[in-house]
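Novice: Return a 3D structure for these sequence lines:
(one chain, ligands or ions: 2)
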Amino acid sequence: MIRFDDVEVTFGEHRAVSHLNLEIQEGEFFTLLGPSGCGKTTALRALAGFVEPTGGRILIDGRDVTRVPSEKRGVGMVFQNYALFPSMNVRDNIAFGLSVQKVSKADQRRRVNEVADRTGLASSQLDKNVAELSGGQQQRVAIARALALTPSILLLDEPLSNLDAKLRVQLREQLKELQHEVGVTTVYVTHDQEEALTLSDRIAVLDAGTLQQVGTPEEIYDRSATPFVCRFIGENNRLTPAQLVSLGGALDATSESYVRPEKLHLAPVGDTTSAPASFEGSIVDRTYHGSHSVYTVAVEDAALRVSVPAGAAAHQWSPGDAVRVDVDPRWVLQYPAA
Ligand SMILES: Nc1ncnc2c1ncn2[C@@H]1O[C@H](COP(=O)(O)OP(=O)(O)O)[C@@H](O)[C@H]1O
Ligand SMILES: [Mg+2]
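Specialist: Ligands and ions are numbered 1, 2, ... in the order given. Alright, predicted model coming up:
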């Protein structure tokens, strides 16, 4: 188990991480998520032992490692740019840490074959130069290199961000499978909310060095704890006071309020099915996304975006059509006005 106990990291006057308290469980896939500059890499580097906290403690399995050198913490790290050695072949890259530790050649060979097998690298690739490999294969080499030292914790800093969109989605799935197979406690850093939602057992959302929320992907998405989390994760509509009033009293019209586009549903005006609450609106626009369409609907004094899955829509709406917009008030996220 990993514990951040009131960890603070300052660079000169700048506080990159403040009062960070986290507990990460054994075997968990845990993600630090937030916009660029929010302190994710700094928190990860503090855990790895590359940055010394200016306050607080970091514990691994109950042991205070705050001042323990990196190589004695049992952590393996994969960097954003992989930091592979371009002049070495795949085998030597994977064996690098082992050779630094003066592990015998025979044991290095055995260990490299083992992790290559586990990370899905074919033995025919081991003698290739890393520069000959695709981005996806290089990423496997970087993970294999980190795993070669049998770390108890694997740290990954935006390992997919240098890859094109399609490969990123593929590797995301493979990474999840790999972590499941290996079972190693993983702390993953990303600014990509979709990546975080699909990969993680739990997510910590950071803003400007401050923890906003820790929870499962569902909790983070459906029950965002702060307006920042709500706006950062997924799409949302901010409801105006006039819209809240027109919903008829189920909600507090003075609160900062949001609802996600797929939580709204369109029905014909005069539809006989009942809904917990609804607005009256008129269609302004529709954009087609293949798997779903997004309708822009004028409601009271502002427009709402409504996401409708392809095939689920019994109606195709056109601009000018009057519609009923149904919403269950429990999907409206409300925060006390600032
Ligand atoms: N070695 C450093 N010296 C000074 N400032 C740094 C250093 N590393 C990071 N920072 C600053 O700390 C903040 C957090 O950086 P970082 O942890 O890299 O954010 P993230 O990984 O979330 O993008 C940023 O404002 C960054 O400029
Ligand atoms: Mg970073």
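
Novice: any idea which helix is longest in this structure?
Specialist: helix 165-182 (DSSP state H).

Novice: Next one: Val130 from Thr31, what distance?
Specialist: Taking CB to CB, to the nearest Å as the criterion, Val130 is separated from Thr31 by 27 Å. All C-beta spots, glycine's among them, are computed from the backbone N, C-alpha and C.

Novice: and the two? which has more neighbours close in?
Specialist: Thr31 (27 against 21; other CB atoms under 10 Å).

Novice: For the closest residue to the more buried one other than its chain neighbours, list the residues it contacts.
Specialist: Spatially, and ignoring its direct neighbours in sequence, Thr31 is nearest to Ser200 (4.1 Å; CB to CB, 6 or more residues apart in numbering). Neighbouring residues of Ser200 by CB atoms under 8 Å, 6 or more residues apart in numbering: 29-31, 188, 216-217.

Novice: Which members of these are the farthest-apart pair?
Specialist: Tyr188 and Thr216 (14.7 Å; CB to CB).

Novice: Give me the more crowded residue out of these two.
Specialist: Comparing Tyr188 with Thr216 by other CB under 10 Å, the one with more neighbours is Tyr188, at 26 against 14.

Novice: which helices and strands sit right next to the helix or strand of the chain with the lowest mean pLDDT?
Specialist: The weakest-scoring helix or strand in the chain, judged by mean pLDDT, DSSP states H and E, is helix 165-182 (a mean of 84). Applying 3 or more CB pairs under 8 Å, 6 or more residues apart in numbering; DSSP states H and E, one finds that helix 165-182 contacts helix 105-118, helix 135-147, strand 153-157, helix 193-199.

Novice: quick one: buried residues of that helix?
Specialist: 168, 171-172, 175, 178-179 (16 or more other CB atoms under 10 Å).

Novice: the inter-axis angle of the following helix or strand past it versus strand 153-157?
Specialist: Sequence-wise, the next helix or strand downstream of helix 165-182 (DSSP states H and E) is strand 185-190. Computed by axes from the mean of the first three to the mean of the last three CA atoms, to 10 degrees, the angle separating strand 185-190 from strand 153-157 equals 10 degrees.

Novice: how far does strand 185-190 sit from the chain's center?
Specialist: Relative to its parent chain, strand 185-190 has a centroid offset of 9 Å by CA atoms, centre = their mean, to the nearest Å.

Novice: between it and helix 165-182, how many degrees?
Specialist: In terms of direction (the same axes, to 10 degrees), strand 185-190 departs from helix 165-182 by 160 degrees.

Novice: what pairs with strand 185-190, and is each one parallel or antiparallel?
Specialist: strand 29-33 (parallel), strand 153-157 (parallel) (DSSP bridges).

Novice: what pLDDT, on average, does that strand get?
Specialist: Here strand 185-190 scores 96 as its mean pLDDT.

Novice: if we look at it, which residues are touching it?
Specialist: Contacts for strand 185-190 (CB under 8 Å, 6+ apart): 2, 24-33, 40-41, 44, 47, 152-161, 179, 196, 199-200.

Novice: count of neighbours near Gln243?
Specialist: 23.

Novice: After the helix or strand where it lies, heading C-terminal, what element do we hit next?
Specialist: Here Gln243 is covered by helix 241-246, with elements defined by DSSP H and E. Following helix 241-246 in sequence order, the next helix or strand is strand 256-259 (DSSP H and E).

Novice: Each with direction, which strands does the helix or strand following that following strand pair with?
Specialist: Next helix or strand after strand 256-259 toward the C-terminus (DSSP H and E): strand 264-268. Sheet pairing of strand 264-268 (DSSP bridges) gives strand 322-327 (antiparallel).

Novice: contacts for the strand it pairs with?
Specialist: Residues contacting strand 322-327 (CB under 8 Å, 6+ apart): 247, 259, 263-271, 275-283, 297, 299, 304, 306, 317.

Novice: before we move on, what about stretch 267-286?
Specialist: Counting by CB under 8 Å, 6+ apart, 243, 246-248, 250, 265, 293-300, 303-304, 315, 317-330 sit against stretch 267-286.

Novice: List the buried residues in that stretch.
Specialist: Buried residues in stretch 267-286 (16+ other CB under 10 Å): 267, 277-279, 281, 283, 286.

Novice: which two from those end up farthest apart in space?
Specialist: Ala277 and Arg286, at 23.4 Å, using CB to CB across the buried residues of stretch 267-286.

Novice: so where is this protein shaky, pLDDT-wise?
Specialist: For the chain, applying pLDDT under 70 flags the ranges 82, 313-314.

Novice: Brilliant, that's me finished.
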